[in-house]
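# Here's my sequence, what's the structure:
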Amino acid sequence: MNLLKNLFIIFWRLWFYAWMLGTIAFILPFLLIVISNEQWYPTFFKIARAWGKTILFIMGFKVQIDQDDAFDSDKSFVYCPNHTSMIDIMLMLSIIKKPFVFIGKKELSKIPVFGHIYKKTCILVDRDDKNSRLAVYEAAQQKMKRNYSICIFPEGKVPDDETIALDTFQNGAFRLAIEHQIPILPISFFDSKRYFSYTFFSGSPGTLRVKVHPPIVTKNLELKDKNRLKLKTREILLNSLKSDALYTQSCYPKN
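Sure thing, here's the model as predicted:
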């Protein structure tokens, strides 16, 4: 039984990578044209959304969104979701219609084909380089001036410890939100780790539940308030994750 299960997971995982890279390669000539001009980013974003939704569908994932009535997807936000899986990227693309820009780790730019698209359309950060973090902040400011939202996984990485539901948060998202007076939008991903973790022999198709929390208004806040804003955002996400029985039992039984 375990052998059959492992064979299925191997096939299923390879199916994911084949579709992820194969679809990019198929439309690569058109993508290279679209990403050559920053003014065409909204067109790229529509393509990326269709790509993300297709990958989730092909992998047997269904997205279920619990969305607060105060959320207006046409407004600009600094999105702050928790991060546990590679499919968090596709999940974000599938639930948000208005163009936004990811801030992501520089290491992913080394992936063949995907890496070139990634570094042309995302803001890359080297977590070990203070100058890189400053450049990221300046690049994000430029994107926000164009009325794009920004998506930052505030933990800065995927927690390594299986018992950690939510790692410590970095400051960047909250400084940006305050300086531009743009609301923070906490987003909880409950099932990404359970269905598609970074452990190869794990996972399965299933329903990916998402909770879009009420926006946290930053109007009239000052930079001295960024730690309070950071702690408030983390508390919202952590409480939602810990209160979800499926999340705590299957992903972090010791937390």
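# how about the helices of the protein, start to end?
Applying DSSP state H to the chain gives helices spanning 2-26, 28-34, 41-58, 88-95, 114-121, 130-145, 172-179, 192-195, 226-242, 245-250.
# Could you provide those helices in TSV, with additional columns for distance to His213 and mean neighbour count?
Where C-beta positions appear, they are placed from N, C-alpha and C, glycine not excepted. Shown next, in TSV, are those (distance: least, C-beta to C-beta, whole Å; neighbours: other C-beta atoms under 10 Å):
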stretch	distance to His213	mean neighbour count
helix 2-26	29	13
helix 28-34	32	14
helix 41-58	21	17
helix 88-95	13	23
helix 114-121	26	16
helix 130-145	21	14
helix 172-179	14	22
helix 192-195	17	22
helix 226-242	5	17
helix 245-250	15	14
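# can I get the ones you listed in JSON lines with distance to Val101 and mean pLDDT?
Below are these laid out as JSON lines (distance: least, C-beta to C-beta, whole Å; pLDDT from 0 to 100):
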{"stretch": "helix 2-26", "distance to Val101": "18", "mean pLDDT": "89"}
{"stretch": "helix 28-34", "distance to Val101": "15", "mean pLDDT": "91"}
{"stretch": "helix 41-58", "distance to Val101": "8", "mean pLDDT": "96"}
{"stretch": "helix 88-95", "distance to Val101": "11", "mean pLDDT": "95"}
{"stretch": "helix 114-121", "distance to Val101": "7", "mean pLDDT": "82"}
{"stretch": "helix 130-145", "distance to Val101": "5", "mean pLDDT": "78"}
{"stretch": "helix 172-179", "distance to Val101": "11", "mean pLDDT": "90"}
{"stretch": "helix 192-195", "distance to Val101": "21", "mean pLDDT": "92"}
{"stretch": "helix 226-242", "distance to Val101": "19", "mean pLDDT": "95"}
{"stretch": "helix 245-250", "distance to Val101": "28", "mean pLDDT": "75"}
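# and Glu155, how far is that from Pro112?
As for Glu155, its distance to Pro112 is 27 Å (criterion: C-beta to C-beta, to the nearest Å).
# Could you do Phe190 as well?
32 Å.
# Same drill for those two, tell me which one is more crowded.
Remark: of Phe190 and Pro112, Phe190 carries more neighbours, 23 against 9, as counted by other C-beta atoms under 10 Å.
# who touches that one in this structure?
Contact analysis of Phe190 by C-beta atoms under 8 Å, 6 or more residues apart in numbering lists 208-211, 241, 244, 246-247.
# hmm, try it at 10 Å
The contact partners of Phe190, taken as C-beta atoms under 10 Å, 6 or more residues apart in numbering, are 64, 66, 82, 84, 207-211, 240-241, 244, 246-248, 250-251.
# can you check Leu28 too?
Here Leu28 is in contact with 113, 116-117 (criterion: C-beta under 10 Å, 6+ apart).
# Identify, from those residues, the entry nearest to Lys98.
Lys98 lies nearest to Ile117 out of these, by C-beta to C-beta, at 20.3 Å.
# I'd say that closest one and Met20 touch.
No. Taking contacts as C-beta atoms under 10 Å, Ile117 lies outside contact range of Met20: 11.4 Å.
# Touching both of those two, which residues are there?
Common contact partners of Ile117 and Met20 (C-beta under 10 Å, 6+ apart): Ile111.
# picking that back up, would you list the contacts of Leu28 in CSV and tack on distance to Ser197?
Formatted as CSV, these follow (distance: C-beta to C-beta, whole Å):
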residue, distance to Ser197
Val113, 24
His116, 27
Ile117, 24
